[in-house]
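A.B. asks: need coordinates for the below:
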Amino acid sequence: MSDEMREIIEDFIIETQEIIDGLDEKFVELEKDRSNQALLNEIFRSVHTIKGAAGFLGFDQIVELTHATENVLKKLRDGIMEATPEIMDVILQAVDILKKLLEHVKNQDNQREDLSDIIARLTAIESGGLAEKKSEEETTGASMSEETAPSDETPQTPSDEAPHRVETPQGPLAAEPATQDRNREPQPQKESIHVEQTIRVDVERLDTVLNLVGELVLGRNRLMKITSNLESRYADDSEVLSLSETMAFLNLITSDLQMAVMRTRMQPVKKVFNKFPRMVRDLARSRNKEVELLITGEDTEVDKSVIENIADPLVHLIRNAIDHGIEAKDERIKKGKPPKGTLRLSASQEGNNIVIEVEDDGRGIDVEAVKRKALEKGLVTEDQINSVSDKEALEYIFLPGFSTAQQVSDISGRGVGMDVVKTNLANLNGVIDVITEQDRGTRFVIKLPLTLAIIQTLMVEVQGETYAIPLATVIETVKIGKDEIKTIDTQEVIQLRGEIVPILRLARLFSISDDGNKERCYIVVVNAEDKKFGIVVDRLKGQEEVVIKAVEGEIINFKDSSVIAGATITGDGKVVLIIDVAMMLQFVTASEVAYV
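C.D. replies: Residues are numbered from 1 along each chain as shown. Just a heads-up that it's a prediction; the model follows:
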């Protein structure tokens, strides 16, 4: 294959993937708003574009599948039939197979898919009379004809309020009024739209630029340190004053450059969120539930590395919400709730963090059941169970194998998903909070850093060595006398405004010689996973923005390298280790002092 042809195929893969990524969401929207002629036209053009490009490159299976899909879409566009859930099931299955075919093109494996079944189903829908028969065979067994419809599934006219009710394609004559209405709708193409000028850049190039900017930030910090030293010694020197002014300008430009480069790696969370309307639609139908997904803040931007790792935790939360949280239609009606459940997915920016919330209006988490399960698994004793707060009990749901589900389904209930959520978020330096109310619903609040490359830290000193603590985890700092440190069993603690706070000595954790007899010391009070503890240090050196570098090899000798998030180079040229506060928590919870 020539380089030119390889480049053409790469462009085809990228462009087709972008189109397919948007099709799931568009089809789900079409199912809700069946009279949206503009959306139908957009979908039709998208599928036609894929077919044309695939035909040029000789990908015959993609051409065959998109052609059959296009024929059905034409009937929908012409108003000959309605986009019923049963028809959408088949079209969405075709999209899934299209994804597989594109994957074969990516892998260049020349593997072919058996398209006979999906082509037959699409052809049956196109032919009208055969659509009902095929749908009957492939779905729950309910006929699409009015005469044989189940008593609890009365045929309805198209409505946004009943997206999962069976609606029968009535043929060209019955659909003509809808066609006329559609033709009267204003076309959005008449509106002036802004077209962005974009180019595709390999991610590796962006990473290289980001690394170079990181080195520039380190160099800037070094220069700022040198300039500060010169100012303190030669405050009246004109050359030093000129250097200070130049340094201030360089600092400003470096910061702007840093932000500009970081923005090139930022992507809207809708790249992840756009996959969920289809998933929610399919899961709800498989559980015979009606669920409306409301998405807000999808344009909130976050670093590409965060985008790539946030999808799995959100998938588990959404699956749990639909399977265990949101009740079936009959149960909701008995509780006085709307028959259709609501699932909210939102994103927003708070400072240097992104906050993602997943909220349902279902049955909520039974906290008492969680406590009973914790007791059953030996996580707490009979004496402790009464003192466990609801907030503390909810932390148990993130433990491996912990589940209160009465039945295990193919979606959830095995006690694996929430453990994955917690682990993945911890790897992103994120935290998750749970707010639940019986029969009112559950809300999961996720907080993540916007970027994992450059962070603000609090520099501390222990026995002459400097360490960096991520500023986002710091609650406060206090200075105490050694007589204020007490010991409960084997755990050192302090009393802070009436609250018992366990503490860890950084010196001991890093195997640094420390007699622990200093008259006064500083405590950096931090928060990890909604648990508070203190880190004992000798001195606070101030805040500094640092570039995180990976620590490779066995270069450190101390208890557990897992407490190191990385390393950086400070303004004075020293290598400083960055503390992973969340991982330090294990040395507190492993002790006999519990948070219950």
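A.B. asks: show me the shaky parts of this protein.
C.D. replies: Scanning the chain for pLDDT under 70 picks out 1, 129-198, 404-417, 452, 514-517, 551-562, 571, 589-596.
A.B. asks: got the domain ranges for it?
C.D. replies: What automatic domain parsing lists as the domains of the chain is 3-151+159-190, 203-265, 268-449, 454-589.
A.B. asks: let me have the ones you listed in CSV, extended by mean neighbour count.
C.D. replies: Where you see a C-beta, it was placed from the backbone N, CA and C, and this is true even at glycine. As requested, these are exported to CSV (neighbours: other CB atoms under 10 Å):
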stretch, mean neighbour count
domain 3-151+159-190, 16
domain 203-265, 14
domain 268-449, 18
domain 454-589, 16
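A.B. asks: need the strands for the stretch 201-350 of the chain, in chain order.
C.D. replies: For the stretch 201-350 of the chain, the strands defined by DSSP state E, counting those that start in this stretch cover 266-268, 291-296, 301-303, 341-350.
A.B. asks: OK, contacts around the spatially most central residue of the chain?
C.D. replies: Among the residues of the chain, the one closest to the centroid is Ile310, at 3.0 Å (CA atoms, centre = their mean). Shown in contact with Ile310 (CB atoms under 8 Å, 6 or more residues apart in numbering): Val269, Val272, Val302, Ile356, Asn424, Leu428, Ile446, Leu448.
A.B. asks: ok, the second one touching Pro313?
C.D. replies: Right, Val272. No. At 10.2 Å, Val272 and Pro313 do not qualify as touching, with contact defined as CB atoms under 8 Å.
A.B. asks: out of the strands of the stretch 201-350 of the chain, which comes closest to Lys518?
C.D. replies: Distance to Lys518, taken as CB to CB, is lowest for strand 341-350 among the strands of the stretch 201-350 of the chain, at 37.2 Å.
A.B. asks: output the contacting helices and strands for the helix or strand following the closest one.
C.D. replies: Counting by DSSP states H and E, the element after strand 341-350 in chain order, helix or strand, is strand 353-360. Under the contact definition 3 or more CB pairs under 8 Å, 6 or more residues apart in numbering; DSSP states H and E, strand 353-360 sits against helix 304-320, strand 341-350, strand 441-449.
A.B. asks: what about the nearest residue to Arg121 once chain neighbours are set aside, distance to Arg34?
C.D. replies: Counting by CB to CB, 6 or more residues apart in numbering, Val90 is the residue found nearest to Arg121 once chain neighbours are left out, at 4.9 Å. Separation of Val90 from Arg34 (CB to CB, to the nearest Å): 16 Å.
A.B. asks: my guess is Ile469 meets Gln456, correct?
C.D. replies: No. The criterion here is CB under 8 Å, and Ile469 misses it with Gln456 at 10.3 Å.
A.B. asks: quick check: the residue nearest to Arg121 is in a helix.
C.D. replies: Yes. Membership of Val90 in a helix is supported by DSSP: H, G, I helix; E, B strand; the rest coil.
A.B. asks: that one contacts Ile119, correct?
C.D. replies: No. Val90 is beyond contact range of Ile119, at 10.6 Å (criterion: CB under 8 Å).
A.B. asks: if we can go back for a sec, just the contacts of Ile310 now: which is nearest Thr69?
C.D. replies: Val272 (25.4 Å).
A.B. asks: please report how far the closest one lies from Glu292.
C.D. replies: The spacing between Val272 and Glu292, counted by CB to CB, is 19 Å.
A.B. asks: check Thr473 too.
C.D. replies: According to CB to CB, Thr473 stands 37 Å off from Glu292.
A.B. asks: roughly how far is stretch 329-340 from the heart of the chain?
C.D. replies: 30 Å (CA atoms, centre = their mean, to the nearest Å).
A.B. asks: first vs last residue of that stretch, how far apart are they?
C.D. replies: Using CA to CA, to the nearest Å, one end of stretch 329-340 lies 7 Å from the other.
A.B. asks: right, and Asn110 touches His104 too?
C.D. replies: Yes. Here Asn110 reaches His104: they are 7.3 Å apart, a contact under CB under 8 Å.
A.B. asks: for the stretch 151-300 of the chain, which segments count as helices?
C.D. replies: Assigned by DSSP state H, counting those that start in this stretch, the helices in the stretch 151-300 of the chain fall at 172-183, 203-233, 238-264, 270-273, 276-286.
A.B. asks: can you pull out the strands in the stretch 401-550 of the chain?
C.D. replies: 431-437, 441-449, 454-462, 465-470, 474-481, 486-488, 491-496, 499-505, 520-528, 531-537, 539-547.
A.B. asks: which helices and strands does the first one pack with?
C.D. replies: Helices and strands touching strand 431-437, as assessed by 3+ CB pairs under 8 Å, 6+ apart, comprise helix 390-394, helix 417-427, strand 441-449.
A.B. asks: which among these is found nearest to Leu540?
C.D. replies: Closest to Leu540 of the helices and strands packed on strand 431-437 is strand 441-449 (CB to CB; 22.3 Å).
A.B. asks: send the alpha carbons of the closest one over as CSV?
C.D. replies: This file holds the C-alpha atoms of strand 441-449, laid out as CSV (Å, rounded to 0.1, in the frame of the first residue of the first chain):
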residue,chain,number,x,y,z
GLY,A,441,-32.9,9.0,44.6
THR,A,442,-29.1,9.0,44.7
ARG,A,443,-26.5,11.5,43.5
PHE,A,444,-22.8,10.7,42.9
VAL,A,445,-20.5,13.7,42.8
ILE,A,446,-17.1,13.2,41.2
LYS,A,447,-14.4,15.7,41.5
LEU,A,448,-11.3,15.5,39.2
PRO,A,449,-8.4,17.7,38.3
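A.B. asks: ok, that strand: who's next to it in the sheet?
C.D. replies: strand 353-360 (antiparallel), strand 431-437 (antiparallel) (DSSP bridges).
A.B. asks: turn those into TSV, including distance to Ile253.
C.D. replies: Below are these laid out as TSV (distance: least, CB to CB, whole Å):
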stretch	distance to Ile253
strand 353-360	26
strand 431-437	34
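A.B. asks: list just the one of the ones you listed that sits closest to Lys541.
C.D. replies: Proximity to Lys541 (CB to CB) singles out strand 353-360 among the strands paired with strand 441-449, at 24.1 Å.
A.B. asks: what does that closest one rub up against?
C.D. replies: Counting by CB under 8 Å, 6+ apart, 269, 300, 302, 306, 310, 314, 317-318, 321-322, 325-326, 341-349, 441-450, 472 sit against strand 353-360.
A.B. asks: what's the angle from it to helix 417-427?
C.D. replies: In terms of direction (axes from the mean of the first three to the mean of the last three CA atoms, to 10 degrees), strand 353-360 departs from helix 417-427 by 170 degrees.
A.B. asks: which other helices and strands contact the helix or strand just after strand 353-360?
C.D. replies: For strand 353-360, the following helix or strand on the C-terminal side (DSSP H and E) is helix 367-376. On a contact count with 3+ CB pairs under 8 Å, 6+ apart, helix 367-376 meets helix 382-385, helix 390-394.
A.B. asks: out of the ones you listed, flag the one nearest Ala38.
C.D. replies: helix 390-394 (44.6 Å).
A.B. asks: pretty sure Arg200 sits against Ile14.
C.D. replies: Yes. If you go by CB under 8 Å, Arg200 and Ile14 touch, sitting 6.7 Å apart.
A.B. asks: quick one: contacts for Ala565?
C.D. replies: Asn429, Pro470, Ile548, Ile578, Ile579, Asp580, Met583.
A.B. asks: I am finished for the moment; much appreciated.
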